[in-house]
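>>> using only what follows, build the 3D model:
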Amino acid sequence: MAHEIESNDGLVLADQKAWHGLGTVVQGAPNPYAALRLAGMEWEVMESDSLTGVFNAGQQDERRVVTGDSKMLVRSDDHTLLGVVGKDYVPVQNSTLADLAYALRDAGSDRGVEVESAGTIRGGKRVWMLLRAPSVDMTGRGDEAVPYLFLANGHDGTLALRVQPTGVRVVCSNTFHAAIRTTRSWSHRHTMNIGGKVELLAADIKRWFAAINDGQELARTLAAKQVNRESVRDLWADVLLR
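Below is the predicted model of the structure:
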């Protein structure tokens, strides 16, 4: 189905249900670690030491071939296969998304970031956490905006760890990929130095949080600017004559 939420996937949503009617809806946005539990995301990614292929299984000439160049990734809870990856692939656990979310609290702000949605699709091959910062009045006249930050990760070797601002409320595969298509993002591949990259992402998240206030100040400055017929005419003349 379009939502790609399978029987071993989980989803938690703050306040409002999704179009597909699946998932757990809670009153008020949970904190990141509560969201992990409510969305059934507390499992870990387990790595095999090598990859074994069985040929002519059960036959007299059955043969097993082992390679150390690849390995399997499986879920720790039900042991379903997530993907086959190279030996140097380093998984990023689901709990890391919660750790990244808490990086905002380390920024020294008394405004916490809450989870709008969190979940998995494709049997856990894709995982996400959608954060919402406190709404801001962009003009001082009741024009409220809710900033979202999308934290996405893949466990099958085809998606890097990504963090990006978005206006999409992620609740399924369709909205997951709609948010992924946002051009502005920070992403890091699952290589041996991914641990250090996670620290860089935490710093990027702090800058995103600070930029919310900067955007609010700019919007209020523009909203306070008086506009009349002459200023609009001059603006269009300036644009067309460039």
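
>>> pLDDT wise, what is the spatially closest residue to residue 94 that is not a sequence neighbour at?
Leaving aside its sequence neighbours, residue 94 sits nearest to residue 41 (C-beta to C-beta, 6 or more residues apart in numbering; 4.5 Å). All C-beta atoms are positioned from the backbone trio N, CA, C, and that covers glycine. If you check residue 41, the pLDDT there is 97.

>>> so residue 41 touches residue 119, yeah?
Yes: look at residue 41 against residue 119 with C-beta atoms under 8 Å: they come within range, at 7.4 Å.

>>> between the two, who's got more neighbours?
Legend: neighbour count by other C-beta atoms under 10 Å for residue 41 and residue 119, higher for residue 119 (29 against 26).

>>> and the more buried one, its phi and psi?
When read as degrees, to the nearest 10, the backbone of residue 119 gives phi 180, psi -170.

>>> related to what we said a few turns ago, for the residue nearest to residue 94, what are its contacts?
10, 35, 94, 118, 119, 120, 127 (C-beta atoms under 8 Å, 6 or more residues apart in numbering).

>>> same question, residue 163
100, 149, 150, 151, 152, 185, 186, 187, 201, 204, 205 are the contacts of residue 163 under C-beta under 8 Å, 6+ apart.

>>> just how off-centre is the host helix or strand of the third one within its chain?
Going back to what we said before, that points to residue 150. According to DSSP states H and E, residue 150 maps onto strand 148-154. Centroid separation for strand 148-154 versus its chain: 1 Å, with C-alpha atoms, centre = their mean, to the nearest Å.

>>> adjacent strands (with direction) for the helix or strand following it?
The helix or strand immediately downstream of strand 148-154 is strand 161-166, counting by DSSP H and E. According to DSSP bridges, strand 161-166 forms sheet pairs with strand 148-154 (antiparallel), strand 186-188 (antiparallel).

>>> residue ranges with poor pLDDT in this protein?
Within the chain, the segments meeting pLDDT under 70 span 1, 103-112, 134-145, 182-183, 194-195, 197, 202, 204-224, 240-242.
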